[in-house]
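Enquirer: Return a 3D structure for these sequence lines:
(4 chains, ligands or ions: 2)
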Amino acid sequence: MTSNLTLIFNKGTKRSQHNFIPEMDIDRADLAEIIPSSFQREDFPLPDIPEVEIVRHYTELSRKNYGIDSGIYPLGSCTMKYNPKINEVITRLPAFSQIHPLQEGNQGALELIHQLSEMLIEITGMDGFTFQPAAGAHGELTGILIMKKYFENKNLKKNKILIPDSAHGTNPSSAKMAGFSIIEVRSNNAGEIPLDHIEFAMQQGDVAGIMLTNPNTLGIFDRQIKDITNIIHKYGGLCYYDGANLNPMLGICRPGDMGFDIIHLNFHKTFSTPHGGGGPGSGPVGVIKELVSYLPEPSIIATEQGFVCREKTNNSIGRIKCFWGNFGVIVRAYAYILALGAEGLKRVGQIAVLNANYLRVLLKEKYHLPYDRICQHEFVLSDRGIENNITTEDIAKRILDYGLYAPTIYFPLIVKGAMMIEPTETESKISLDNFVEVMNKIYNETKTNPELLKNAPFNTPVKRLDAALAARKPILHD
Amino acid sequence: MTSNLTLIFNKGTKRSQHNFIPEMDIDRADLAEIIPSSFQREDFPLPDIPEVEIVRHYTELSRKNYGIDSGIYPLGSCTMKYNPKINEVITRLPAFSQIHPLQEGNQGALELIHQLSEMLIEITGMDGFTFQPAAGAHGELTGILIMKKYFENKNLKKNKILIPDSAHGTNPSSAKMAGFSIIEVRSNNAGEIPLDHIEFAMQQGDVAGIMLTNPNTLGIFDRQIKDITNIIHKYGGLCYYDGANLNPMLGICRPGDMGFDIIHLNFHKTFSTPHGGGGPGSGPVGVIKELVSYLPEPSIIATEQGFVCREKTNNSIGRIKCFWGNFGVIVRAYAYILALGAEGLKRVGQIAVLNANYLRVLLKEKYHLPYDRICQHEFVLSDRGIENNITTEDIAKRILDYGLYAPTIYFPLIVKGAMMIEPTETESKISLDNFVEVMNKIYNETKTNPELLKNAPFNTPVKRLDAALAARKPILHD
Amino acid sequence: MDFILHDKETIAEMLTSIGVNSLEELFQDIPADLLLEKLNIPHGLSEPDLLRRLEELSNKNKIYSSSFLGAGCYYHYIPSLVDFVISLSGFYTAYTPYQAEASQGYLQAIYEYQTAITRLTQMDVANASVYDGSTALAEAAIMATIATQKKKLILLEGIHPEYVEVVKTYCWGQDIHFEIVMEDTLISKLDDSVAAVLFQSPNFFGDIENVSELVQKIRDKAPKCLVVQVMTDPTCLGVLKPPGKSDIDIFVAEGQSFGISPSFGGPGLGIFASKQKYLRKMPGRLIGKTNEIDGEREGFILTLQTREQHIRREKATSNICTNQALCALASLIYLVSLGKTGLQEIALQNFQKSHYVKQKLATIPGYQILNKKPTYNEFLVKCPNVNKLIEQCKQENLLPPLIISKYFPDMKDIVLVCVTESNSREDIEKFIHAAQKASNKNIGGN
Amino acid sequence: MDFILHDKETIAEMLTSIGVNSLEELFQDIPADLLLEKLNIPHGLSEPDLLRRLEELSNKNKIYSSSFLGAGCYYHYIPSLVDFVISLSGFYTAYTPYQAEASQGYLQAIYEYQTAITRLTQMDVANASVYDGSTALAEAAIMATIATQKKKLILLEGIHPEYVEVVKTYCWGQDIHFEIVMEDTLISKLDDSVAAVLFQSPNFFGDIENVSELVQKIRDKAPKCLVVQVMTDPTCLGVLKPPGKSDIDIFVAEGQSFGISPSFGGPGLGIFASKQKYLRKMPGRLIGKTNEIDGEREGFILTLQTREQHIRREKATSNICTNQALCALASLIYLVSLGKTGLQEIALQNFQKSHYVKQKLATIPGYQILNKKPTYNEFLVKCPNVNKLIEQCKQENLLPPLIISKYFPDMKDIVLVCVTESNSREDIEKFIHAAQKASNKNIGGN
Ligand SMILES: Cc1ncc(COP(=O)(O)O)c(C=O)c1O
Ligand SMILES: Cc1ncc(COP(=O)(O)O)c(C=O)c1O
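Expert: Numbers count the residues shown, from 1 in each chain, chains lettered A, B, ... in the order given. Ligands and ions are numbered 1, 2, ... in the order given. A predicted model of the protein is given here:
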């Protein structure tokens, strides 16, 4: 009933708030003695807001926001799986949440990171990990900087990198941030990498290597993956694995065995740490033995005196983030792996792929499936054949009307009007069938009631918003 | 989209669940050695339900349920005030939530109960408290049993009790459970107790005393309260105070000073412990000095060796509940009183009354106010003058359509078509104004669109439900 | 701190609307001599100060690493989902669902609770909860007297002593007579004047009765006498025959074991179930399924309220109003989280682990298991030196078993040991070790 | 345990629908030699076993009753509302709000966060967060080089040493040159080739700069040079002049102090704000307010995405994708919970309490306060015996201050002390007492 645009700041009062301030138990000195008045601020344009209003306001906002606890969240490449509640309890254990990064008495934390590292080494086939990176893109930057340092150390001028056209935007931008220029590799009709193309590129001598995700963003496992990594290695290059799509590979097959040298993981995807509406994440980076010394400091080793930090190495690219990384997220991922164990992890991989293929075969009856083959964690539909000028965006918005969330749209860029669908392993068959039913209804609506789609959504707190206006006249705060 | 009637049991699978069972770390003996097979059950008609389904199911149900965090909850006599979040944290501190009622090492718990007792003595003007009763009605039973025992000890046959017609249903039923028969006292036109009526009753010699709430369920403070208690006492009777309406009296005036001998409190009303959708509550009982020995055991006293339980007394009515009462609720009430302190408690009383009167004057412009005078925590409107055969129930249901909760309706019984409204002190003026606006809109709708009201609600998960059918053909489980 | 929203200007504005000049004027009906000056209560605390204070206070309680104490309050693992669900503020900040249409979430959940309890117990109907196990038993006692119109009850020895006290208090209130009898004299005491026999199984001492046989014996002697069973730890129903299959008339239990933390003994949960024919005599709330008046859909609603105090006043079946809804919700989440497999396995682990401890203790010189019947997770042990055992347990940071003389002064040197799935192998070995050390003839000093 | 929903029958059914015979067949594209036999990872744990294991592990960490350690990570009281809100699963289980209409809740919250940050800092615009303070500074460095098209940076001494390392790593990646200079030589180093001056205030050693004056001096010498300020504990803004009032171009900070638990140093929150004119060079997400296309109502949406990697790829202003949204939400709740009054008072208490400790320490023989400038809640103390001080603190269960030689090996016998509102009077007296005991000339033994 109340406008959806009452900001919290409009709920302030002139009554000054004291609920969250401890009583001052020290005699106050004259403030001017402590800090010159010219250093002090004059006004403070934040109101005092009563506790009750805050609770009600954000309770209401949270209900206006779709989450994985609401239902299927089929965003392709995002791996929106169920987030176990126990992990929220564990990460809030005081001896995890209340410890200082610089304190002694951190053996529990170091042991956890060390053990997690050992488990990830087994899961991925790498030889060493750093946990500093705060998210996937941050891990990419770390990984590519390792490449850079590696070639610098070898005194080789390799400032180009191969990235397929199906890659996530962070891949080229991370590479760019590490000073590389990008050579885009065009995928072939099967959605895979043409070997000749990369062989040719590597022959030029200035290419450091390749960034790949496998299965890629089409959900396709590149059958020639060993050939690809062999070619790169043949020319002295390095292979970077974007681990955002590792979920279907858990317990099935390892990037290390595919021939990758550097990988990042997205704990907030594959290892079920809640994405938090945009973060925090954690993007640990793993490398092969030869590159372990390049990892950022500190890394943790077990000694007889307990867990300690590795000495500085000359190779290390240096620090990529303050302290130890997003420890609170790391704890959740550790708990998740311990909970699942070997069998559980394999089941994740299997069922993630089962669910994706189940949707694929059911949805391709109505929607165009450009790459019609067994997929892994996800697959991509296109808007080809959809009539009445209806766009992928229209379809996505209409899905919201049915109380579900839409797939990733218009990505990957190589599929026109792409709808990228990743159900993950934590959806039931009933949930998948319901998604198919909704998609089929919408398909029928494209023919019978196109206006409905063009104006969708209707059942959301607001109707379709004007993105162009937002960019033309940015209003970024009140 | 999915039916609102999918029960959790329909979300089971044939996959057996293991998430919450510790691994067995003891060799199993042959079960038949431990327990004869004839003692064992054969079937177990509960499914295994995956964690994800449970989380989604109850997340959805919680969103289909109005709570104080949703907005105003103006149920009269229920004192639905904001429940501070910190109290939920405090009651979950392991050294409160994980302790056993029979363990040694309980000094913190005993000290808490003892201190709370001291504070309640000050707040109410009583001399001693028990915390065993689990809710208001349970406190009433305890209090009335104390009366019974008191007269038994005096060898007086007093088996009747005075209860005004405005009383809550628990009053007569509690009295009945203690073996008393009820004499109903008819309130006068001012909503107060006629002194001559009670004087006459007391003269009969078989009346044990009176059960009163003051302010009463009309929200009216009985101006002759001292005269009432004096009359009862003059004839050797006892006065029982139903503390469900204590909220507006906090820091303003004390039942003990009014002349009451026994009182119960509803922590889940006055002291802001969450009502939990129906409990758990806590209904401590306080008594004057003369009656302290009648309280249930155990009661806690401070000694030099620490806090200990009082020795058994012959007078005690005995035990009314296992262990110490609803300790988890008691902790919250204790924290609430410590947080507010003397000034805060008084502010509760003042603002609760301010808010009620503010609504009263604004609402009486359209709705009939049978007792038109300053009220305390609440006031009662009636459906008199509402046209087109629209009932109080219709109005209540229509309120739901505006996203608010309805007042208590058809209670107290002495007002025809009663709407009993108690906003509490934790509503903002904006919230109160919004409630008035909704009530005024509905008033207009009674004239312009009566059918709307008769069929309301429309914006709720279900339309108006058939209560008669439910009672005629009870379906109480699946 | 406080939770008031108005600033001074707002208060002034509202006073003007009301037509009074001050907050004090709102209390004009109160005789001047009753008005308080100021409460003698400490100054309010801010949240950080409050939390610090309560943390300090709570730290005066002792937490143990593992518990061998039960006696009506049990340590079982509580799934994370329980606290997640009961912390959803749509649940815990709601009132009793008087307006059904805006309270469908809770109503459905409690309907599911009623369903879970009837399935678990195989009783015909279950209510929405009463306060706890002890008051549930008292309510059952009274209900039996209402249903039979008789005022005499027989309690079989072995009911939790605090439950007995509560029943006594309630019965005294209504002039109901009751007697506690030993099993061997039970049948001889039965006649037409008895409203019901009440018994606990597994009982306070751990003994599991042959319930079907017991019921049959009672029926044979006194066919109209109701049989009421109470339990303090119903997790045993994962394995044991449910009361509904033993022809029990009223079944009550303390539901704390189903996902509710011990919390110094409260809040717990009074589980209350009965045969269909006594439905209208039941205390407490009931949620029913019904239809929209003008529609197709089904929904849930409070029903059969004419039994209740707010309609029936002194003629109500009970005075209960506020119950333990949130605890019922917790126990529902516990039951569905464990599911059939989990509930069976939990019961099995309790049987097995306590059996293991029983056997081990029996081999230590000086210890003797007193139970003659099968037991679930509690049993009685005669010890060579109770105080030493308690002391040894504490040294191992184990919450020691109950010294039974607390309730039964004549039973000397006996403890009631409780072993559940929450005791790990390591905890158990520590306990056995503690018992060994406390044995007079202990093996090798200290 | 796992979180899979299908039973065997369902899997079989689905395989049939897909048209394959087994789960294995779904992996037909994977070369056989790449398929794993079995991971060498321990067997999965149930929830109770998992919790027990993690509790045991966490207990190998030490918790102190009070902390005098800061250095980039601070103990401030976190209002209960923060955890309440970030535990609402509509927030924490959501993805980045790509579908605006189904994500209005989060979008509005982050718009409110942007608003709160701009009001607090008085900067023109704030983004939706970056990873943490250190990467925020690195992003600011890069943004300055993009905005000015220059590849040289000057860092003023006193920036958190780990932040400097991170900036160094990022700069090396992009061939940006940087130099760390002392304050007295700063101006002489400035010329037209410098993209920006980066400084921290209050700095790592606790010193508060006269920011307005500093900016003015830089402007006078190098008018086109950007000025970037970083802070590790922005609670000081409750009292200090905001960067927007000192003509700062880019302001970044670690937001952990705003309602985020220390958590061994992460996750934190990178606060990032700038002048309007650099808006299109900013890294990270921005939420904007807009209208319905066909309606009256306003709503929120991700905007100016053409700066970002998923649209602009290698030409993006930064590679950031996932940010710290939930931490931004936490800090918003912190800021609105404290409100103006609370934020001012918290800053005052930090000033006052640390001042008190400073003065007390200065009177103890052998201790010397090294700061010449005003300080907020941290300051440098030269000690008679560092190790003894640390030892005494631990004995009092106080988390000892930072031994500064960890980062600056040349600075011997010096600690960086942090005092916040979370240190009670009692804690503070204990600390002073510990310092006294660790003084060579301590008064009266022990
Ligand atoms: C394929 C792929 N790579 C990289 C990323 C970037 O990861 P993050 O968002 O954690 O920075 C994503 C995230 O959406 C992704 O889907
Ligand atoms: C006036 C009055 N008295 C007594 C009670 C009974 O209290 P409880 O529900 O805690 O048993 C109530 C509760 O609604 C009430 O409003």
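Enquirer: Name the next helix or strand downstream of the one helix or strand in chain C whose mean pLDDT sits lowest, please.
Expert: Of all helical and strand segments in chain C, the minimum by mean pLDDT, DSSP states H and E falls on helix C:309-312, at a mean of 82. Once helix C:309-312 ends, the next helix or strand along the chain (criterion: DSSP states H and E) is helix C:325-362.
Enquirer: hmm, that next one in reach of chain D?
Expert: No: judged by C-beta under 8 Å from any C-beta of the partner chain, helix C:325-362 and chain D are separated, with a smallest distance of 9.1 Å. All C-beta atoms are positioned from the backbone trio N, CA, C, and that covers glycine.
Enquirer: buried set for the least confident helix or strand of chain C?
Expert: For helix C:309-312, the neighbour count (16 or more other C-beta atoms under 10 Å in any protein chain shown) marks C:309-310, C:312 as buried.
Enquirer: So is it next to chain B?
Expert: Yes: Helix C:309-312 is in contact with chain B by C-beta under 8 Å from any C-beta, via C:309-312.
Enquirer: Mind jotting down where the helices sit in the stretch 1-150 of chain A?
Expert: Taking DSSP state H, counting those that start in this stretch to define them, one finds helices in the stretch 1-150 of chain A at A:31-34, A:51-63, A:85-91, A:94-97, A:107-124, A:136-153.
Enquirer: which one of those lies closest to ligand 1?
Expert: helix A:136-153 (2.3 Å; C-beta to the nearest ligand atom).
Enquirer: In the stretch 301-450 of chain A, what residue spans correspond to strands?
Expert: For the stretch 301-450 of chain A, applying DSSP state E, counting those that start in this stretch gives strands covering A:306-309, A:379-381, A:408-409, A:419-421.
Enquirer: Which strands border the shortest one, and is each parallel or antiparallel?
Expert: By that I understand strand A:408-409. strand A:419-421 (antiparallel) (DSSP bridges).
Enquirer: Mean neighbour count, the helices of the stretch 1-150 of chain A: which tops it?
Expert: helix A:136-153 (a mean of 26; mean count of other C-beta atoms under 10 Å in any protein chain shown).
Enquirer: Check which helices and strands it is in contact with.
Expert: helix A:170-177, strand A:207-212, strand A:238-243, strand A:262-265, strand A:285-287, helix D:161-173 (3 or more C-beta pairs under 8 Å, 6 or more residues apart in numbering or on different chains; DSSP states H and E).
Enquirer: Describe which strands whichever helix or strand comes after it pairs with in its sheet and in which direction.
Expert: Next helix or strand after helix A:136-153 toward the C-terminus (DSSP H and E): strand A:160-164. Take DSSP bridges as the rule and strand A:160-164 pairs in its sheet with strand A:181-185 (parallel), strand A:207-212 (parallel).
Enquirer: Wait, A:R254 touches A:D127, no?
Expert: No: shown here, A:R254 and A:D127 do not form a contact pair, counting by C-beta atoms under 8 Å, at 12.0 Å.
Enquirer: Can you tell me the closest non-neighbouring residue to the most centrally placed residue in chain C?
Expert: For chain C, C:E254 is the residue whose C-alpha lies nearest the centre (C-alpha atoms, centre = their mean; 2.7 Å). Leaving out its chain neighbours, the residue that sits closest to C:E254 by C-beta to C-beta, 6 or more residues apart in numbering or on different chains is C:G133, at 2.7 Å.
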